[in-house]
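> model the structure of this input:
(one chain, ligands or ions: 3)
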Amino acid sequence: MYCLTGMDTEVLALPSEDSLPLPRAQQNPQEMFEQNMERLSALLDSSPCPAEPERSAASSWSVRQQKASDRWEEARPYHLRCLLESEAVGKPLCCFCHKHAVIRCRDCLPEQWFCGACDMHNHSKRPLHNRDSVVDGFFKAIPPSTCISRGETGIYATHEQDRILPTMPAQHCTCQDPSFTVEAGKPVILITINGCYDLRLPRYVCQTCLQQWAPDVRDLVRSGY
Ligand SMILES: [Zn+2]
Ligand SMILES: [Zn+2]
Ligand SMILES: [Zn+2]
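Residues are numbered from 1 along each chain as shown. Ligands and ions are numbered 1, 2, ... in the order given. This next block holds a predicted model:
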């Protein structure tokens, strides 16, 4: 920087590395000004300008989009093949008894394969699980009330069974030590984000006083419905 004390005075401070000639004190202010401006321009020209940072490929949205699109094009055949392979049933065995599996339950991963008996045992209290039948050689969604068993002839057959809406048990009688059984009660349709379920409300029977009751609204709300 220059430090000028007045229109007719000389320059007091200059950059030490400057090799350009100093302005003379006898020059008029206009000449001094022009000379100083020239020196300033020379200084600016001699100092290296920082180069504009190069725009890398990663900083460009369109280039990134193009690269992502190219990678997806490369990966798509493999993803499609994986998807098609996942639809092949194969010859799965029941995860529990190692018999021939007839049901796949997505909600029971990693133990997703069931024979008919193990399916009934495991899903009688889990009617909201996402089950598929595989007896026809492909995955076929089945409602919670459908079960599969093998007849004496070795042929698999489907049959219907009541499935009870899972609720928290609540006592409605005044017995001290109640023990009650649960039976299938009135039909009820449960609609959730996963679909529509034809179920039965539970009917509780107290084994002491033989009183019967079904869950009321309070019980259903407490159960999360
Ligand atoms: Zn089994
Ligand atoms: Zn399940
Ligand atoms: Zn009772």
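> and the top helix by length along the chain, how far out from the chain middle?
Secondary structure of the chain read by DSSP state H shows that its longest helix is helix 61-86. How far helix 61-86 lies from its chain's middle: 19 Å, per CA atoms, centre = their mean, to the nearest Å.
> next secondary structure after that helix?
strand 103-105 (DSSP states H and E).
> following that following strand, which helix or strand shows up next?
Per DSSP H and E, the helix or strand that comes after strand 103-105 is strand 113-114.
> just the strands in the protein please.
For the chain, the strands defined by DSSP state E cover 103-105, 113-114, 131-133, 140-141, 146-150, 156-160, 180-192, 195-206, 212-213.
> the ones you listed: which one's closest to ligand 3?
When the strands of the chain are compared by CB to the ion, strand 195-206 sits nearest ligand 3, at 3.1 Å. Where you see a C-beta, it was placed from the backbone N, CA and C, and this is true even at glycine.
> now the closest one: buried residues?
By neighbour count on 16 or more other CB atoms under 10 Å, the buried set for strand 195-206 is Tyr197, Leu199, Arg200, Leu201, Pro202, Arg203, Tyr204, Cys206.
> in this protein, which helix or strand is least confident?
Of all helical and strand segments in the chain, the minimum by mean pLDDT, DSSP states H and E falls on helix 29-46, at a mean of 84.
> for that helix, packing partners?
In terms of contacts (3 or more CB pairs under 8 Å, 6 or more residues apart in numbering; DSSP states H and E), helix 29-46 is not packed against any helix or strand.
> tell me the confidence at Ser107?
Slight slip there: residue 107 is Asp, not Ser. What the model reports for Asp107 is a pLDDT of 93.
> hang on, isn't it packed against His123?
No: between Asp107 and His123 there is no contact under CB atoms under 8 Å: 9.4 Å.
> where do the contact lists of these two overlap?
Residues touching both Asp107 and His123 (CB atoms under 8 Å, 6 or more residues apart in numbering): His129.
> low-confidence stretches in the chain?
Within the chain, the stretches with pLDDT under 70 are 1-27, 47-58.
> spell out which parts of it neighbour ligand 3.
Selection of the chain residues close to ligand 3 by CB under 5 Å from the ion yields Cys173, Cys175, Pro178, Cys206, Thr208, Cys209.
> buried ones in the least confident helix or strand of the chain, by neighbour count?
So helix 29-46, judged by 16+ other CB under 10 Å, has buried residues Met32, Gln35, Arg39.
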